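1. Got a sequence here, can you model it:
(2 chains)
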2 protein chains.
Amino acid sequence: MTVPGVLNVLFKYVDENKSRYIENLREAVAIRSISSLEEWRDETIKMVNWTADRLRKLGFQVSLENIGMQVLSNGTKLQLPPVLLATLGNDPKKKTVCIYGHLDVQQATIGDGWDTDPFELVERNGKVYGRGSADDKGPVLSCLHAVEAFQKINADLPVNVKFIFEAMEESGSIGLGELIAREKDRFFQNVDYICVCDGSSLGKDVPCIVYGLRGFCFFYLTVECASQDLHSGIHGGAVCEAMTDLVYLLDSLVDKDGKLLITDIYKDVIPLQPEEETIYAKIDFNVEDYSRTVNATKLLHNDKVKLLLNTWRYPSLSIHGIEGAHSESGEKSVIPAKVTGKFSIRLVENQKVEDVQASVIKYLHKKLEERGRATKIKVSIGGSGAAWKENPNHPHYSAAMRAITSVYKIDADLIRAGGSMSVITTLQQITGKNIINLALSSGDDNTHSQNEKMNIENYMNGTKVIAAYLYEVSQLNK
Amino acid sequence: MTVPGVLNVLFKYVDENKSRYIENLREAVAIRSISSLEEWRDETIKMVNWTADRLRKLGFQVSLENIGMQVLSNGTKLQLPPVLLATLGNDPKKKTVCIYGHLDVQQATIGDGWDTDPFELVERNGKVYGRGSADDKGPVLSCLHAVEAFQKINADLPVNVKFIFEAMEESGSIGLGELIAREKDRFFQNVDYICVCDGSSLGKDVPCIVYGLRGFCFFYLTVECASQDLHSGIHGGAVCEAMTDLVYLLDSLVDKDGKLLITDIYKDVIPLQPEEETIYAKIDFNVEDYSRTVNATKLLHNDKVKLLLNTWRYPSLSIHGIEGAHSESGEKSVIPAKVTGKFSIRLVENQKVEDVQASVIKYLHKKLEERGRATKIKVSIGGSGAAWKENPNHPHYSAAMRAITSVYKIDADLIRAGGSMSVITTLQQITGKNIINLALSSGDDNTHSQNEKMNIENYMNGTKVIAAYLYEVSQLNK
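-> Residues are numbered from 1 along each chain as shown, chains lettered A, B, ... in the order given. You can find the predicted model right below:
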């Protein structure tokens, strides 16, 4: 395909600004916007303000929307970081594109096994390492740099642009749904297309556009056996221990093949359709490469289609850890008094969050009753969001496909993904607009894990793809 | 009974020195001698030196014995704190008493749920709170204060005194066994009686002399599923997760009634003897009081004799926690790559440490094989020690009983205990001398737990009991 002249000029400008783009990312990564830890809430708010300042410099009209307070597990309240709404241009002759991104990051400490400080951007072998480099500060900066590039080459911005950037995505997007509903007839009124700019490609080579995501339910299962930790020599054999009951309950959740034992969960899962296996079989995905990339000891499925089906269109359950037990190194011969097992379930199309939550709570109490002799348990619900699926035959998807081809010179894969973004479901339900999910980072970027990184080439291409996407959308008939 | 004149004078001197004794304990508690954490090794060594200085001032001949290096789990080596050997007096006409105590403490942070800084002694309602106040810095200081009191009242020390104080007790007494063996014909040559000064009474009112302890085996069970943590959305459903296998294995160790499922473990446990239940029935112990003190949600046994049997003469297993999983507060939707479950078994008379270790390793591999589809596992062995049982009809025990009666005005209970001190077994095996275990702290002192404390009255009485014990032993026929 031929790349339009304006994009050719813009791509050249982008290439010339690589160092500056990396410096901007360095500044963003250094802000510890960890939304899940209250001690970093100030930094999370700082990250929103940092972005707002940059947007104002680009001429955006910016508003920082107060979305209220977060109620912590101990009952205290904490101010939520504001959601950033930004608008540039209101030409009625142009289409209006709204892009979503997030400014917060997952927890990270060097003690988790990082090779370098997670909050100091380190450049090595064509990659930049740091928490948030790929998820989602790099992609968010690509959006800002794309708009800036149009301005710097003195080209007209082909569409009206709106950004919605939140800073609670890694903690269940608390408060965002209510804001989107509130802004339905204001901020979202003239929006034609929505692009969610977050997530990773499937592999390392072929860029991806995502048209489906799994949903998410986080659970806290607390078991208590005493008012404080006890010496295991003195009290071992006398008291019912919380950890014994907790591992029993956690072991009752999922079997060795990854199948959930909470059978109710499967009642709303849509049976496999005849065409699905064919679609999945065509996708550029190699099980052996995948296994090597994650360095998995063992996969649950060695067949490509089965593996994709089980990460995209069937639910899964992961046990994340236990709070309140002895988790540091060394020996501590303690009976922990109060322990909280944390696990989450990824939901799929047609499963309702509330139904899944009710099934889990009912199931755990049933298992406890079956056991007969138990300590106190409490099941609490954490962040959640429904699954999402869009129609990938929409012209909006074709525009995004062309944008990617103009940069990467290959066709993107249209895929579903296993991760979750509750914001997409909310945006779809409230605005009724077609949504794409552009995955600008690579499948091996270690988002949510140690040594998260962004390939510098993908970071540069991300800016080009966003610019090309804005151009391609401007060419669509409304 | 009539208290001998010298003790009456000494008891009065002790009462007059309460504030000074508390200040000494404050200094000792402030030294963070946590033996299980390598970052506090310097403080652990400092605690040994602090004690050595005080002993030298009392006229003791002190030697700090190098016991070599500790090999950490990552393969690096760390200098072990020296063992302190101290001798005062070598009069061949006197008996020689050797007292053991330990200078290290369990881990503690305010984040564990302490009301005040664990390393700052706080006096409240007749109690002093702080890590090590009861286990074992308070009792060790009572030994020093007892010797000092004889000197201050110008009384002849009735026996030759030897102290052996280590600083790795809470981490399996690494290196101590070899030292005791090495010193058999030197430091221990003329020792007549051994007193281990560590441990708690059963209840709050009746002081106890312990003639039996359970042994101990610590285990690390590591399961690995990938080379680094993975995003549970992207990879959930694709990889065999380490946590799933770990909770399965941990759940296979012990049943809801506290019975170990590793059936081999029970083959060497001596069947209950007819007289045992009678002995246990007489002990001053109230199940309801006990339950209230620990504030247990549920006890495994509500019958007094059954409860004592299961904490003293049957093995128990406790799961302490998991290293490598998400243990902080908040949500982190991660699949932990490498997790280590930590658990320990309390052993009883006639069980061999090596046999129990072999049974556990064999059992876990068998359970893993039964499961069929597994990740990598590794079972490592931590600290261990055999159980100990002494003859409580020995005159040495009668002398200690008289010492307690002269201070508390009531008879002590002769009991066994559920905790473990490998040093006792080693001392018994190598020296062949009769050993008593004096429990100077109270059953509700929260040793190994949050808000560890020592009742000031027990702290004062401890000094008197040690002094009276030295006197009573001097009256025995060799």
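2. use CA for all of it now, contacts and neighbours both
-> Noted.
3. Do you know the pLDDT at residue A:113?
-> For residue A:113, the pLDDT comes out at 88.
4. Relative to residue A:421, how far out is residue A:177?
-> Applying CA to CA, to the nearest Å, the value for residue A:177 to residue A:421 is 12 Å.
5. cool, and residue A:85?
-> Taken as CA to CA, the span from residue A:85 to residue A:421 is 18 Å.
6. And those two? Which one has more around it.
-> Shown here are residue A:85 and residue A:421; by other CA atoms under 10 Å in any protein chain shown, residue A:421 has more neighbours (24 against 21).
7. what about residue A:211, which helix or strand?
-> Using DSSP states H and E, residue A:211 sits within strand A:208-213.
8. partners of the helix or strand just after that strand in the sheet?
-> Following strand A:208-213 in sequence order, the next helix or strand is strand A:215-224 (DSSP H and E). Strand pairing for strand A:215-224, using DSSP bridges, gives strand A:338-347 (antiparallel), strand A:376-385 (antiparallel).
9. Deepest-packed of these, please.
-> Highest mean neighbour count of the strands paired with strand A:215-224: strand A:338-347, a mean of 26 (counted as mean count of other CA atoms under 10 Å in any protein chain shown).
10. Adding mean pLDDT, write the strands paired with strand A:215-224 out as a markdown table.
-> Below are the strands paired with strand A:215-224 laid out as a markdown table (pLDDT from 0 to 100):
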| stretch | mean pLDDT |
| --- | --- |
| strand A:338-347 | 97 |
| strand A:376-385 | 91 |
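11. what's the distance between residue A:80 and chain B?
-> As judged by CA to the nearest CA, to the nearest Å, residue A:80 and chain B stand 15 Å apart.
12. swap in residue A:278?
-> Going from residue A:278 to chain B by CA to the nearest CA gives 19 Å.
13. hang on, that residue is in a helix, isn't it?
-> Yes - checked against DSSP: H, G, I helix; E, B strand; the rest coil, residue A:278 lies within a helix.
14. Any idea how many residues pack against it?
-> 11.
15. Now do the same for it: its pLDDT.
-> Residue-level confidence at residue A:278 comes out at 85, pLDDT.
16. same deal with residue A:18?
-> Note on residue A:18: pLDDT of 97.
17. Show the contacting residues for it.
-> Neighbour list for residue A:18: residue A:460 [criterion: CA atoms under 8 Å, 6 or more residues apart in numbering or on different chains].
18. so what's the nearest residue to residue A:317 once chain neighbours are set aside bridging to?
-> Closest residue to residue A:317 apart from its sequence neighbours, by CA to CA, 6 or more residues apart in numbering or on different chains: residue A:345 at 4.4 Å. Counting by DSSP bridges, residue A:345 is bridged to residue A:217, residue A:317.
19. sec struct for residue A:84, please.
-> Recorded secondary structure, residue A:84: strand (three-state DSSP).
20. Quick one: mean pLDDT for stretch A:434-453?
-> Computed over stretch A:434-453, the mean pLDDT rounds to 91.
21. For it, output the C-alpha coordinates as CSV.
-> The C-alpha coordinates for stretch A:434-453 follow below in CSV (Å, rounded to 0.1, in the frame of the first residue of the first chain):
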residue,chain,number,x,y,z
ASN,A,434,-17.5,0.8,18.0
ILE,A,435,-14.4,0.2,20.0
ILE,A,436,-11.0,-1.2,19.0
ASN,A,437,-8.3,-2.3,21.4
LEU,A,438,-4.9,-1.4,19.9
ALA,A,439,-2.1,-3.6,21.5
LEU,A,440,1.1,-1.5,21.0
SER,A,441,3.4,-3.6,23.2
SER,A,442,4.9,-7.0,22.4
GLY,A,443,3.8,-10.4,23.8
ASP,A,444,7.2,-10.7,25.6
ASP,A,445,7.1,-7.3,27.4
ASN,A,446,6.5,-8.9,30.9
THR,A,447,3.7,-6.6,31.8
HIS,A,448,2.6,-7.2,35.4
SER,A,449,5.9,-9.1,35.9
GLN,A,450,9.6,-8.6,36.7
ASN,A,451,11.7,-6.7,34.1
GLU,A,452,8.8,-5.1,32.2
LYS,A,453,10.2,-3.6,29.0
